[in-house]
Every structure is written in structure tokens, then in C-alpha cells.
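Trainee: dropping a prediction and its sequence here:
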Amino acid sequence: MAKMSLDKDKIKIVLLEGIHSSAVATLNEAGYHNIDTYKTALPEEKLIEVIKDAHFIGIRSRTQLTRRIFEHAEKLTAVGCFCIGTNQVDLGAAQEHGVAVFNAPYSNTRSVAELVLAEAILLLRGIPEKNAVCHRGGWMKTAVGSYEVRGKTLGIIGYGAIGTQLSVLAESLGMKVRFYDVVTKLPLGNAQQIRNLNDLLGMADIVSLHVPELPSTKMMMGADQLAQMKPGAVLINASRGTVVDIEALAASLESKHLSGAAIDVFPVEPRGNDDEFLSPLRNIDTAILTPHIGGSTQEAQENIGLEVAEKLAKYSDNGTTISSVNFPEVALPQHGEAHRLLHIHKNIPGVLTAINRVFSDNNLNICSQYLQTNEKVGYVVLDVDSGDSDLALEQLKQIEGTIRARVLF
Ligand SMILES: NC(=O)c1ccc[n+]([C@@H]2O[C@H](COP(=O)([O-])OP(=O)(O)OC[C@H]3O[C@@H](n4cnc5c(N)ncnc54)[C@H](O)[C@@H]3O)[C@@H](O)[C@H]2O)c1
Ligand SMILES: O=C(O)CC[C@@H](O)C(=O)O
């Protein structure tokens, strides 16, 4: 068997938050067996302890990977977000520590779109309240305030992977789709882009949020925006909890300005299923509350497990960073007999000259070379003769601006 730069059994992988078993299966198949799995997110101190000798970590939306965590994770090479959102990771700190971050940008989009569509139907029929009344022994048989979704206007905020799928599904039910996005987007079907958020809010019977967590989307639905919505309209949020002012939403539902809401994401979410869920919406019957499960279907979780585990294994095996969210992207071929040097450095003048000098000064041959940079970081991959890699690696590590260097063979 070929000698490995680091025995795969020594490569420690930690998977948190009940990541689907397809991830472990995929990693096992790629030769990685040193895998610790946890069903929940971990408190910061415990996470620091668990991560200190880990090479790879897999998380979902609950685990906060802060700068402090990266400072304690000396061996950490890559993070796999087994979800779409990467707002829970300090991507800048990860980059500065030479840690590549990967996610699964598409695998759960259909699941979210299906849930939102179902909620739109339930909300326009007033089902959440009728359901709650029945559970308490009441009987609320009435057509007052109940509507079909056919012919109604769905306002989508954020017309990306999920927003566009929802748009197509909603039109198939006869809904009119209008959307607001900061980027000019090609409307699918008969959808129309609306340039002004307030205009969209004023015309939609259902408003559904599908924006990422960004400084610009924080509290983008506050009291003023909720007031702009049509009386009797409904709000759906399966994006991020920080996007909606939850107190203002509670007030709007209590005053009956909005007739209902379906909320899957919250400003504060329990760490695991044993923690209490606290929210001002808990006692409001017209609100559907779900525990951040927009993407939690068997299909989505299995695909996500496979997709992200594959990305981690590829990065570990040959350095490929394709679809990393914080690293220069390089697609790399297999390196065969050659040894592959990976050099991650600050994007400052002089580093490339210094790298080339290592090879010219020592009369070493470079078989292949790949380079990609972003604003902050440069990623150089060099395939060299097997006899040359020890010396080259030693000297590459000394170059000023080096964040991390390793060899693969
Ligand atoms: N509830 C869940 O379980 C679940 C599952 C998957 C994704 N999500 C969340 O949904 C979000 C959206 O997912 P996606 O795959 O559609 O993302 P995406 O990146 O494909 O689309 C996001 C869209 O929002 C737009 N946008 C950004 N800032 C905006 C702003 N200020 N105003 C209006 N539009 C803005 C972007 O231009 C883009 O078109 C994710 O970032 C994630 O946070 C939640
Ligand atoms: O699975 C999760 O915890 C998060 C799902 C969703 O919010 C995502 O960002 O993909």
C-alpha cells in the first residue's frame, strides 16, 4: 500500500448536530474511520475541547464557530456546513486560520419550498387556529376568513435557489408571483420583480422570506414593514431568525393586522431537542411554529450528508476547494506518484516570488502548479517529485505570510 502523508485513521473528524449517516458512510468509503458523532450542538467550552485535535468538523445551523473556536483548533483543516447557511461560522476567522469552509447550497431547497407552499395553503384557510381550537375541544366551523391560494399574490423576498423553486411551484397552483431581490433576477414563468420592498409588501397576500442572514437582512421585517403588509395577509419565514422582529410580529398577529404566520427560524433557538423553546409566539394560535426543519427531510439530509462529506474527503485527499465559500476555488486532478504541496498564504506581495525561490535555490523541479487567490488569501498547489517534498515543505513553511502548508501523498 502506498505510504500516506498522514494515516487516514489519524485524521480526526467530528460531526455534530445529528448529521445524516450518509456522511459517515461516504467518509468511510473514502477511507476515513476516525469519526466522532454527536446528536446536538455543543456549548463553547465543550466544543473547544472536542475540536482541539480535530482535522475536520461537520456542523449544521446551531453550532457557532467563532474566532475563539478557530484560535483553539490548531489542526482544523476544513469545516463542512451540512446545510445552506454559513452565517454560524466566522468565515473571515476561518480564512485567516487557513480553514476552508464548504456547504451544500442546493440539497435541501426543494424541501423548504414544499414546506412553505403547504404553509401558505394552511394559513389562508386559517388552519392553525382551527386546529388549536379542536385540540382544546372547540369547534370552529366557518368559511369566514378562509381562502384558496389560487389567484392570490405571493410576494417572495430573496429570489435565489429556494425563492425560484417556490415561485414555480406556486404558479402551478395558480398563484401570482411577485418578488423582491437586491439583484436583478430573471423571473421564472410569469413572476415579476418588484423594485421596491414596500410596494411588494403592499400587494402580497402571502409574504415569504428567502434571504440569507446578512447585516442588510437583519430585522428587514420590523414593525414598519409589517405595517406595510395588507391587512389579513400572512408572513412566512423559513430563512433566518434574525430577519424578522419577532416581538413586532407577535404584536401584529395579536392586533389581527396579519391573519397568520408560519415561522421556522427564530432569533434564539434551542441547542437541542431537550432544551426549552422560548418565544413570544408560543401562545398565538394563528402562528405555525416549527423547529427549524425547513430542510429536514430524509431526502435532503441524505443528499447533504453525501455532498458535504464528499467535499471534505476530496479536500483532504487532493486539496480540491471547488465550491468552498471562503477559499480560492481550485479543481485539482489526482497527483499520482508526485507529492502535492498545499500552501495557503496571506495575499501580500512577495509570497509567490518566495515560493519560486524555494524551488530555484534548491534546484527542485515542479511537475505541476496551480494558483488561485481571493482578496485576502492565496492558495498554491505544487506537485513535486517525491524525494523533494520534505525539503520544499520545510522551506515553504518559513515564508513570511504563510498561513498553513501541508503535503499530500
Ligand atoms: N429553514 C431552513 O431549514 C432553511 C433551509 C435552507 C436554507 N435556509 C435559509 O434560506 C436562505 C436562502 O436560501 P437560498 O438557497 O435560496 O439562498 P440563495 O443565496 O440562493 O438566495 C438568496 C437570495 O437573496 C437575495 N438577497 C440577499 N440580500 C437581500 C436583501 N437584502 N433583500 C432582498 N434579497 C436579498 C440574493 O440576491 C439571493 O437571490 C439561506 O441563506 C438559509 O439561511 C433555511
Ligand atoms: O439543518 C440545519 O440545521 C439548517 C438548515 C437550513 O437552515 C440551512 O441553512 O440549510
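Mentor: Ah, there it is. Ligands and ions are numbered 1, 2, ... in the order given.
Trainee: where do the helices sit along the stretch 301-409 of the chain?
Mentor: Listed in chain order, the helices of the stretch 301-409 of the chain (DSSP state H, counting those that start in this stretch) span residues 351-361, 389-398.
Trainee: show me what the first one is packed up against.
Mentor: What it means is helix 351-361. strand 377-384, helix 389-398 (3 or more C-beta pairs under 8 Å, 6 or more residues apart in numbering; DSSP states H and E). Heads up, the C-betas are built off the backbone N, CA and C, glycines and all.
Trainee: contacts only, for the residue with the largest distance to the centre of the chain.
Mentor: Note on the chain: the largest C-alpha distance from the chain mean falls to Asn363, namely 44.7 Å (C-alpha atoms, centre = their mean). By C-beta atoms under 8 Å, 6 or more residues apart in numbering, no residues touch Asn363.
Trainee: and it, how far is that from Leu382?
Mentor: Computed as C-beta to C-beta, to the nearest Å, the Asn363 to Leu382 distance reads 15 Å.
Trainee: Ile162 now?
Mentor: Here the distance between Ile162 and Leu382 works out to 40 Å (C-beta to C-beta).
Trainee: where does pLDDT dip in the stretch 201-350 of the chain?
Mentor: Within the stretch 201-350 of the chain, no stretch has pLDDT under 70.
Trainee: as a check, name the ranges of all strands in it.
Mentor: With strands called from DSSP state E, counting those that start in this stretch, the stretch 201-350 of the chain shows them at 206-209, 234-237, 260-263, 287-289, 339-346.
Trainee: also the stretch 51-200 of the chain?
Mentor: According to DSSP E, counting those that start in this stretch, the strands that the stretch 51-200 of the chain contains are 56-59, 78-81, 100-102, 153-157, 176-180, 192-193.
Trainee: dump the helices and strands packed on helix 351-361 to TSV, plus mean pLDDT.
Mentor: Listed next are the helices and strands packed on helix 351-361 as TSV, based on pLDDT from 0 to 100:
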stretch	mean pLDDT
strand 377-384	96
helix 389-398	95
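Trainee: how about the ones you listed in TSV, adding mean neighbour count?
Mentor: As requested, these are arranged in TSV below (neighbours: other C-beta atoms under 10 Å):
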stretch	mean neighbour count
strand 377-384	23
helix 389-398	16
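Trainee: for Leu214, find the nearest of these.
Mentor: Nearest to Leu214, of all the helices and strands packed on helix 351-361, is strand 377-384, at 21.1 Å by C-beta to C-beta.
Trainee: does anything pack onto the closest one? Which helices or strands?
Mentor: strand 339-346, helix 351-361, strand 366-373.
Trainee: burial check on Gln88, number of neighbours?
Mentor: By other C-beta atoms under 10 Å, the residues close to Gln88 number 19.
Trainee: repeat for Leu169
Mentor: Leu169 has 18 neighbouring residues, counting by other C-beta under 10 Å.
Trainee: wait, it sits on Glu114?
Mentor: Yes. Between Leu169 and Glu114 a contact is recorded at 7.3 Å, counting by C-beta atoms under 8 Å.
Trainee: who's Ile157 bridged to?
Mentor: Here Ile157 sits in beta bridges with Tyr180, Leu209, going by DSSP bridges.
Trainee: so what's the residue count around the closest residue to ligand 2 within the stretch 101-250 of the chain?
Mentor: In the stretch 101-250 of the chain, the residue found nearest to ligand 2 is Asn108; the distance is 5.3 Å by C-beta to the nearest ligand atom. For Asn108, the neighbour count with other C-beta under 10 Å is 23.
Trainee: does it touch His292 like I think?
Mentor: No. Using C-beta under 8 Å, Asn108 makes no contact with His292, being 11.5 Å away.
Trainee: mind checking pLDDT for the residue of the stretch 101-250 of the chain closest to ligand 2?
Mentor: Looking at Asn108, its pLDDT reads 96.
Trainee: wait, what's in contact with it?
Mentor: Cys83, Ile84, Gly294, Gly295, Ser296, Thr297, Ala300, Gln301, Asn303, Ile304.
Trainee: nearest to Asp390 among those?
Mentor: Taking C-beta to C-beta as the measure, Ile304 is the one of these closest to Asp390, at 38.4 Å.
Trainee: report the contact partners of that closest one.
Mentor: Shown in contact with Ile304 (C-beta under 8 Å, 6+ apart): Ile19, His20, Phe82, Cys83, Ala104, Ser107, Asn108, Gly295.
Trainee: ok, the residue in the stretch 201-350 of the chain that ligand 2 sits nearest to - contacts?
Mentor: Proximity to ligand 2, evaluated over the stretch 201-350 of the chain using C-beta to the nearest ligand atom, is greatest for Gly295 at 4.1 Å. Applying C-beta under 8 Å, 6+ apart to Gly295 gives the contacts Cys83, Ile84, Ser107, Asn108, Thr109, Ser111, Val112, Gln301, Ile304.
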